[in-house]
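In: The sequence and its predicted three-dimensional model are supplied below.
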Amino acid sequence: MRSETGFDPALYDRFPTKGRRPKGEEDALRRIWCKPKGWEYLTVVNNNYVGIYYLGTAFLFFLMAGVLALLMRAQLAAPMLEILPQGTYNQVFTMHGTVMMFLFAVPAVEAAGVLLLPQMLAARDLPFPRLSAYAFWAYAVGGLCFFASIFVGLAPDGGWFMYPPLTSKAFSPGINTDFWLLGIGFIEISAIAGAIEIIVGVLRTRAPGMSLDKMPIFAWSMLVFAVMIVIAFPSIILGTLLLEIERALGWPFFDATRGGDPMLWQHLFWFFGHPEVYIIFLPAAGMMSMIVAAVAREELVGYRLIVLAMLATGFISFGVWAHHMFTTGMPPMTTGFFSAASMAVSVPAGLQVFSWIATLAIGKRSFNAPGLFVLGSITIFVTGGLTGVMVAMVPFDWQAHDSYFIVAHLHYVLIGGMVFPLFAAFYYWIPMVSRRALSEPLAKWIFGLMFSGMNIAFLPMHLAGLQGMPRRVYTYLPGQGLELPNLISTIGAFMLAAGVLLFLIDLARNFRLAPGGGNAGNVYDGGTLEWLPSELYSTRSIPVVRRREPLRDDPKLADDVAAGRYFLPRSATGLRETIVTSPLLAEPQYLQIMPGPSAWPFAAAVFTAGFFLALTVQAYMFGWVSGVLAVASVLRWLWETDRPVEQAQVDIGAGIMVPTYVTGPSSHGWWAMVILLVVMAMIFIMALFSLAFLWSNQPGFWTPPPKIGAALPVALLYGTALVAALAARRLLPRGAGRSAGLLLLSVLAAGVALWLDWSSWRASGLVPQASGQGATIYALQALQAFATGTGLLMAAFCAARALRGLVSLPRNNSVDLTMLFLAYTAVQGLVAALFGRAFGMP
């Protein structure tokens, strides 16, 4: 067998080991991974707790958004009702869409990943537990404050898509829109933090032997999901920043009268918005594939094809965004391309559906609670997919666009593709974290109400849309044939809500949290590793994986794992640990020392939320104080990390020795930094796209840039910054002080280059308030200033650690990661300086 890292696969034959483990090892693990008490529940970082927190908060947002939906359906039950005034209705439908898409759908599947992946991969935890805690608390605190805006009449009212010019200062002068722009912006940052955690966790913390072709399908789906977030979400982060800057400072990115273009917002928004549908669907599809195999008691049909289908869905989905813009006057060739892509993306989704049907057909299927929701999901999702192919046809879309037909299609796709799979997952995996399983008899009533209510609510909307009912209206006139379909839809919505209410009753009766063992167990006979006996430290030992469903392959595996006969049966260093493995074949590489509970991620999240919310209500002093405290909290939590332990190498089982500290491309921190730089690069690329888009669409507002020769000193300085950053790592063996000095020199060179570039644009007479060109050029400068400022903090952090003697020699991860960041900053600045001048002539 080939090796990826030089590890000898024959060493796996040493497992399971023989004999009994020494007494006290389990007690030591329980002490190290102890249960929180009192206020410690706010500082806990274990995935068992953070995942439950995350999932519970996401479900709370689902319930609150559902109440808003019932208010809308009550308003539309009959013509000319006045249950909700027009302004309030606009806020309600905006908040419903925003909360469902941003605060429920994506966080819910991300939460499922945080909760399930360490157990499925047999890792002690995800590689950055404090980052998971920070992401959750930022999402929870910020999201709840954002939702509270509806109770004081300050909720956004421009739709969950926030199209300008409707949301510009001229037409939305209040701070309602700012709540959306700033609130959603930092919630997306939280999603990206979770995505980084998931990518590194899936690729680097799998159980030894779990090569990519042995990974559970859910892990594959979460990997594709996280990569799509890294690529798609930067677009909406940039879009919200640009629109907020336009509203606050008057820079005309989207103002067509001053060289901007409102179409730019649609491109930025939908480059995120349509892939988000598949970002939501793919993890749910991964859950479905896992549950279908368990329900059918049969190995999933077409495992490799499903993996390819997920990869294809992720790839094709980024060529579909203008599917929402067919009525905006795009050229026929452009609409033809996006129409073809919109139909093509249904092929890999269909492949997964046929795999589920085939698995159920050949297996010994049972209509238990997860099985019912699986069947309901397939039925509803396929219906939504068929209407999706219809609206992918440009002539039909011209007729149905912005009608209730689109509302029906969207809800069939999202409820069938995400909500029903999530309820199937609740019934299937709750026994893993609860002392009691949920009620099977009550589940049949819940499914019946939800399935029938969903179809009664949304099937008539197709008819209402084809009859001409536009979406986003708070009432309609009598005598148009819309009374009956709207009344039926309202009845169906309340039936669906009754099913959810019954589910809440079932939760209250049966859910008893047991994250540290003593749970209900493998009720539905799953074959993957999350059903191993576990406590707060996950499994007693980390098994060698030889098949996709290890529990069915080896009936003795659970007993051997619980007896400590595999990898890491004890704490080798007396600290929290997990094994980091290679990305392809999952060969053991080193032992990661994991951080424990800390109050600093919670403090950083609260101050981050305070920063954005204070800016929204224009409490600038409080906002900047919160921002400084947020940065200080992050630096304080990082100060405790990156410290090698005394043992350079440890035995992780059967005499296999691995190092406890690794730097460079093999380290998990390096991987996380590279992913973060991809996020920053995507934001930067979208900013460059914005400049090119305005240059091609508003040439009359373009002014000549500074001559290209003026960029020569800028280029030389950025080159100096790049060389200094790279040299800092090479000179580290000669002393931490020299390395820190070079990092600071790199920041200084990048800062001077930025100042020279800004000065040359300023001298050319270009100002950001005058034109879209000026606004975009200065936005690029602002992005570069942010990167340079962040680099300064990182370099100063390394210098402070060097002064305290905390920089390990001859290699150190903090220096490595700062070097990577500063090298990227130098390259970004150089590209920005040249690109802005390249698009200079009208």
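Out: Good, I have the coordinates. It should be emphasised that the depicted structure is a prediction, and the values quoted were computed from it without experimental measurement.

In: what number of residues lie near Asn510?
Out: 17 (other C-beta atoms under 10 Å). To be clear about C-beta, it is placed using only N, CA and C from the backbone, and glycine gets the same treatment.

In: what's the answer for Thr257, then?
Out: Thr257: 8 surrounding residues under other C-beta under 10 Å.

In: can you tell me how far it sits from Ser696?
Out: Separation of Thr257 from Ser696 (C-beta to C-beta, to the nearest Å): 18 Å.

In: Show me where the chain has its strands.
Out: Read by DSSP state E, the chain holds these strands, from start to end of the chain: 577-581, 588-593, 649-651, 657-659.

In: Of the ones you listed, give the one that comes closest to Ala400.
Out: The minimum distance between Ala400 and those falls on strand 577-581, with 49.4 Å, by C-beta to C-beta.

In: Where is the longest helix in this protein?
Out: helix 262-296 (DSSP state H).

In: For this structure, which residues score under the pLDDT cut-off?
Out: 1, 516-518, 840-842 (pLDDT under 70).

In: any idea how far the longest helix of the chain is from the chain center?
Out: With C-alpha atoms, centre = their mean, to the nearest Å as the basis, helix 262-296 stands 11 Å off its chain's centre.

In: Find the one among the strands of the chain with the highest mean neighbour count.
Out: Stretch with highest mean neighbour count among the strands of the chain: strand 577-581 (a mean of 25; mean count of other C-beta atoms under 10 Å).

In: so what secondary structure elements neighbour the longest helix of the chain?
Out: For helix 262-296, the packing partners by 3 or more C-beta pairs under 8 Å, 6 or more residues apart in numbering; DSSP states H and E come out as helix 106-121, helix 217-249, helix 303-316, helix 346-362, helix 369-392, helix 404-414, helix 420-433, helix 668-697.

In: can you list those in TSV and add mean neighbour count?
Out: Compiled in TSV, the helices and strands packed on helix 262-296 are given as follows (neighbours: other C-beta atoms under 10 Å):
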stretch	mean neighbour count
helix 106-121	26
helix 217-249	23
helix 303-316	18
helix 346-362	18
helix 369-392	21
helix 404-414	23
helix 420-433	24
helix 668-697	19
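
In: To Pro283, which of those helices lies closest?
Out: Of all the helices and strands packed on helix 262-296, helix 106-121 sits nearest to Pro283, with 3.8 Å by C-beta to C-beta.

In: Counting by contacts, list what that closest one packs against.
Out: Against helix 106-121 (3+ C-beta pairs under 8 Å, 6+ apart) you get helix 47-75, helix 129-148, helix 176-204, helix 217-249, helix 262-296, helix 420-433.

In: ok, 7 Å please
Out: Helix 106-121 makes packing contacts with helix 47-75, helix 176-204, helix 217-249, helix 262-296, helix 420-433 when contacts are defined by 3 or more C-beta pairs under 7 Å, 6 or more residues apart in numbering; DSSP states H and E.

In: Show me the contact partners of it.
Out: Under the contact criterion C-beta atoms under 7 Å, 6 or more residues apart in numbering, helix 106-121 has outside partners 47, 50-52, 54-55, 58-59, 124-126, 132, 139, 191, 194, 198, 201-202, 205-207, 210, 216, 218-219, 222, 225, 279-280, 283-284, 422, 425, 429, 528-530, 534, 538.

In: Try it again at 6 Å.
Out: 47, 50-51, 54-55, 58, 125-126, 132, 139, 191, 194, 198, 201, 205-207, 216, 219, 222, 283, 528-530, 538 (C-beta atoms under 6 Å, 6 or more residues apart in numbering).

In: so Ala193 touches Trp137, yeah?
Out: No - taking contacts as C-beta atoms under 6 Å, Ala193 lies outside contact range of Trp137: 10.9 Å.

In: residues touching the residue sitting nearest the centre point of the chain, list them.
Out: For the chain, the residue nearest the mean C-alpha position is Ala191 (3.7 Å; C-alpha atoms, centre = their mean). Going by C-beta under 6 Å, 6+ apart, Ala191 touches Val106, Ile229.

In: any idea how far Pro129 is from it?
Out: Here Ala191 is placed at a distance of 17 Å from Pro129 (C-beta to C-beta).

In: Show me the protein divided up by domain.
Out: Recorded structural domains for the chain (assignment: automatic domain parsing) are 47-510, 675-838.

In: and these as CSV, adding distance to Glu25?
Out: Below are the domains of the chain laid out as CSV (distance: least, C-beta to C-beta, whole Å):
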stretch, distance to Glu25
domain 47-510, 14
domain 675-838, 29
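
In: Tell me which of those sits nearest to Asp560.
Out: That would be domain 47-510 among the domains of the chain, by C-beta to C-beta, at 12.6 Å.

In: mind checking the end-to-end distance for that closest one?
Out: End-to-end distance of domain 47-510: 22 Å, with C-alpha to C-alpha, to the nearest Å as the criterion.

In: ditto for stretch 555-568
Out: One end of stretch 555-568 to the other measures 21 Å (C-alpha to C-alpha).

In: what does that stretch contact?
Out: By C-beta under 6 Å, 6+ apart, stretch 555-568 touches 15-17, 21, 208, 532-533, 539-543, 550-551, 579, 652-653.

In: out of those, which are inside helices?
Out: Per DSSP H, the contacts of stretch 555-568 map to helices at Pro550, Leu551.

In: Of the contacts of stretch 555-568, grab the buried ones for ChimeraX.
Out: In ChimeraX, this line selects whichever of the contacts of stretch 555-568 come out buried by 16 or more other C-beta atoms under 10 Å:
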select :15,16,17,208,532,539,540,541,542,543,550,551,579,652,653
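
In: Surely Ala424 is in contact with Leu375?
Out: No - if you go by C-beta under 6 Å, Ala424 and Leu375 don't touch, sitting 9.4 Å apart.

In: Need the CA coordinates for stretch 324-336. CSV is fine.
Out: Extracted as CSV, the C-alpha positions of stretch 324-336 are listed here (Å, rounded to 0.1, in the frame of the first residue of the first chain):
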residue,chain,number,x,y,z
HIS,A,324,-32.2,35.6,-10.8
MET,A,325,-31.5,38.4,-13.3
PHE,A,326,-33.1,37.2,-16.5
THR,A,327,-35.5,40.2,-16.5
THR,A,328,-32.8,42.8,-16.0
GLY,A,329,-32.0,43.2,-19.7
MET,A,330,-28.9,41.0,-20.0
PRO,A,331,-27.7,40.1,-23.5
PRO,A,332,-29.3,36.9,-25.0
MET,A,333,-25.9,35.0,-25.0
THR,A,334,-25.5,35.7,-21.3
THR,A,335,-29.0,34.6,-20.4
GLY,A,336,-28.6,31.5,-22.5
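
In: so how far is it from its chain's centroid?
Out: The answer for stretch 324-336 is 29 Å, by C-alpha atoms, centre = their mean.

In: what's the neighbour count on Glu82?
Out: Glu82 has 10 nearby residues by other C-beta under 10 Å.

In: I'd like to know how far it sits from Ala69.
Out: According to C-beta to C-beta, Glu82 and Ala69 sit 19 Å apart.

In: May I have the residues that are in contact with Leu42?
Out: Phe602.

In: I'd like the distance between it and Ala58.
Out: To Ala58, Leu42 is 19 Å away according to C-beta to C-beta.

In: chain center to stretch 490-497, what's the gap?
Out: Worked out by C-alpha atoms, centre = their mean, stretch 490-497 lies 30 Å from the chain centre.
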